[in-house]
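Colleague: My questions are about this predicted structure, shown below with the sequence.
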Protein chains: 2
Amino acid sequence: MMNDEGSTGGPLFTELENTDLANRIANQVLMAIGDGRLRPGEKVGEARLARELGTSRAPVREALRLLESQGLIVTHPRRGFFVHAYEADELDEIYDLRECLELHAAGAAVERMTEADLDQLSGQVALMKRLAHEGQLGEQVEQDYAFHRMLCELGGNMRIVRLFDQIATQLRAGIALLGRVYDDPRELARAHDPLIEALAARDAERLRTELREHLEDARIHVVQLYRGNAG
Amino acid sequence: MMNDEGSTGGPLFTELENTDLANRIANQVLMAIGDGRLRPGEKVGEARLARELGTSRAPVREALRLLESQGLIVTHPRRGFFVHAYEADELDEIYDLRECLELHAAGAAVERMTEADLDQLSGQVALMKRLAHEGQLGEQVEQDYAFHRMLCELGGNMRIVRLFDQIATQLRAGIALLGRVYDDPRELARAHDPLIEALAARDAERLRTELREHLEDARIHVVQLYRGNAG
DNA sequence: AGTTGCAAGATTGTCGACAGTTTTTGGATT
DNA sequence: AATCCAAAAACTGTCGACAATCTTGCAACT
């Protein structure tokens, strides 16, 4: 009941982009938020977006509603859509939720994972270290999310995985304008070593403790930085 | 940072129902699912629904997309919307998630709640007992949700509360066709006494233990019944 | 000076329509 | 009788349009 995707490595076929117009628009908006072209709090007029994209307003509306349901866009009725401007308190809440979910999943993962899963996890950490060395900061952060996502997946509850994805999206958006978060990139990768150890020992309690500490560090790090930068 | 609503009792103004058409439609559909007029797996054609409601398809689409984001409707691209037919495994997942969230919130609630909050919680249980005596079964279940929602609220993380609401909605929909769940209605109300005791003692660990047991009971109860009836 | 009222302009909520696709209908064939 | 294929019907995805509402700018007023 896990993610057996074919045999070994990456996907066999490049996912043919048959996606619906609304989804493509949602991705565009998502990227625009990610790289700062759309600032927090900024208004996202559907008419304007439709003009710029050369589509009608209907799919734009759907896209924005989708992003609304994921927490990236807020709407004031009769006034339109706006990029959600995350407050520090909200990031705090998000991390609290993440901790709750991830600890739960991790506890289940310890019992459910195979040796192969364990190898994959530690391979992931190795990858992060390599990326840190090469200075690939953005990619490293992305692989960090991937690591934690795997952990959630191994917990076996797909709903939790989906929530993790939502949280990751929100964090990416919230942290976007923060620039780099860690002073030393290698710190981030190394912080995962204790987790791997606990996993290898299949020690649920220790894993939960380490993971809590790990996430708590990230939380205060980000929230503090955020309070300093944005308010 | 809690729900201080004005001074004392109820709301000062009756919330003027300016809800937009899409939301009203979403509620209609929700109720239709709730009372079985829309069966799990059944197709919900937007054109047909629009005709029956006397509106255009645009707000119907938005309503269905909203319900999709809440997990009650699934959509197969180019084929339309369908009422999500919950599998027993999914209810299991949902309860797992609920347990995760509620235990987390409850832990925080023990430290944050005031005496007044505690009174309100035990008042809620008293209300449930009264309803059980009067045979108001549906209302009792609704107040059960309200009790657990309060507990989540006291945890202080609004995101968790919103997730609880979603879960409650899904459970209502999933359990709708199950008919009555408990043999003796009073059993449900009484099951909350240990929770109140632990709360009154402000004993987080004991509360978590009792709550876990409470939810675990509900889970196996529902899932078993569901496997027997439908799954 | 600051507030209130009003007109112009822009934007949202909703509608009906069209093209392409899926499902259904109904007949022809084995 | 069951299966297969083609025409028809129904439906979704998308579009452009209109009315109601909101915002903006300006003038009148306290």
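Modeller: Ah, there it is.
Colleague: ok, residues contacting stretch A:61-81?
Modeller: A:22-23, A:25-26, A:29-30, A:33, A:43-46, A:49, A:82-84, A:166, A:169-170, A:173, B:18, B:20, B:61-62, B:65-66, B:69 (CB atoms under 8 Å, 6 or more residues apart in numbering or on different chains). No exception for glycine: its C-beta is placed from N, CA and C like everyone else's.
Colleague: near DNA strand C, which of the residues you listed show up?
Modeller: Applying CB under 7 Å from any atom of the strand to the contacts of stretch A:61-81, one finds that A:45, A:46, B:20, B:62 fall near DNA strand C.
Colleague: Which of the contacts of stretch A:61-81 are buried, as a PyMOL select command?
Modeller: To isolate the buried members of those in PyMOL, using 16 or more other CB atoms under 10 Å in any protein chain shown:
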select buried, (chain A and resi 22+23+25+26+29+30+33+44+46+49+82+83+84+166+169+170+173) or (chain B and resi 61+62+65+66)
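Colleague: What about the contacts of stretch A:61-81, which are in strands?
Modeller: Among the contacts of stretch A:61-81, the members found in strands (DSSP state E) are A:43, A:44, A:82, A:83.
Colleague: need these in JSON lines with pLDDT and distance to DNA strand D, can you?
Modeller: Below are those laid out as JSON lines (pLDDT from 0 to 100; distance: CB to the nearest atom of the strand, whole Å):
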{"residue": "A:43", "pLDDT": "97", "distance to DNA strand D": "9"}
{"residue": "A:44", "pLDDT": "97", "distance to DNA strand D": "14"}
{"residue": "A:82", "pLDDT": "98", "distance to DNA strand D": "11"}
{"residue": "A:83", "pLDDT": "97", "distance to DNA strand D": "16"}
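Colleague: For the residues you listed, could you give me TSV that also reports distance to residue A:159?
Modeller: Formatted as TSV, the ones in strands among the contacts of stretch A:61-81 follow (distance: CB to CB, whole Å):
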residue	distance to residue A:159
A:43	33
A:44	29
A:82	28
A:83	27
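Colleague: Need the residues that contact stretch A:39-55.
Modeller: Contacts of stretch A:39-55 (CB under 8 Å, 6+ apart): A:21, A:25, A:28-29, A:38, A:56-57, A:60-61, A:64, A:73, A:80-86, A:177, A:230.
Colleague: Which stretches in chain A count as strands?
Modeller: Using DSSP E, strands in chain A cover A:43-44, A:73-76, A:80-83.
Colleague: Around the one residue in chain A that gets nearest to DNA strand D, how many other residues sit close by?
Modeller: Nearest residue of chain A to DNA strand D: residue A:21, at 2.7 Å (CB to the nearest atom of the strand). Counted with other CB atoms under 10 Å in any protein chain shown, residues neighbouring residue A:21 total 15.
Colleague: list the contacts for residue A:213?
Modeller: Per CB under 8 Å, 6+ apart, neighbours of residue A:213: none.
Colleague: how close does it sit to DNA strand C?
Modeller: 44 Å (CB to the nearest atom of the strand, to the nearest Å).
Colleague: quick one: least confident of the ones next to DNA strand C among the contacts of stretch A:61-81?
Modeller: Lowest pLDDT among these: residue B:20, with 88.
Colleague: Could I get the pLDDT score of the closest residue to that residue other than its chain neighbours?
Modeller: Among residues not flanking residue B:20 along the chain, residue A:77 sits closest, at 6.0 Å (CB to CB, 6 or more residues apart in numbering or on different chains). We have a pLDDT of 94 for residue A:77.
Colleague: now swap in residue A:211 and tell me
Modeller: At residue A:211, pLDDT is 98.
Colleague: Next, the residues that contact the helix or strand of chain A with the lowest mean pLDDT from outside, please.
Modeller: Every helix and strand of chain A was ranked by mean pLDDT, DSSP states H and E. The lowest is helix A:185-190, at a mean of 88. If you take CB under 8 Å, 6+ apart as the criterion, helix A:185-190 is touched by A:125, A:128, A:129, A:131, A:132, A:133, A:135, A:137, A:140, A:141, A:144, A:182.
Colleague: Now, of the residues you listed, which are buried?
Modeller: Buried, going by 16+ other CB under 10 Å: A:125, A:128, A:129, A:131, A:132, A:137, A:140, A:141, A:144, A:182, out of the contacts of helix A:185-190.
Colleague: which one of the residues you listed is nearest residue B:193?
Modeller: Nearest to residue B:193 among those is residue A:144, at 44.8 Å by CB to CB.
Colleague: Please narrow the contacts of stretch A:39-55 to those residing in helices.
Modeller: Per DSSP state H, helices hold the following members of the contacts of stretch A:39-55: A:21, A:25, A:28, A:29, A:57, A:60, A:61, A:64.
Colleague: ok, the residues you listed vs residue A:103, which is closest?
Modeller: Using CB to CB, the ones in helices among the contacts of stretch A:39-55 come closest to residue A:103 at residue A:29, 31.9 Å.
Colleague: quick one: pLDDT of that closest one?
Modeller: For residue A:29, the pLDDT comes out at 97.
Colleague: swap in residue A:138?
Modeller: Residue A:138 carries a pLDDT value of 88.
Colleague: And it, how close does it get to residue A:188?
Modeller: 12 Å (CB to CB, to the nearest Å).
Colleague: Over to residue A:43?
Modeller: Distance, residue A:43 to residue A:188, using CB to CB: 35 Å.
Colleague: Residue A:160 against residue B:101, yeah?
Modeller: No - with contact defined as CB atoms under 8 Å, residue A:160 does not reach residue B:101; the gap is 9.9 Å.
Colleague: partner residues bridging residue A:73?
Modeller: residue A:83 (DSSP bridges).
Colleague: Distance of it relative to DNA strand C?
Modeller: 11 Å.
Colleague: Next: residue A:209.
Modeller: According to CB to the nearest atom of the strand, residue A:209 and DNA strand C sit 47 Å apart.
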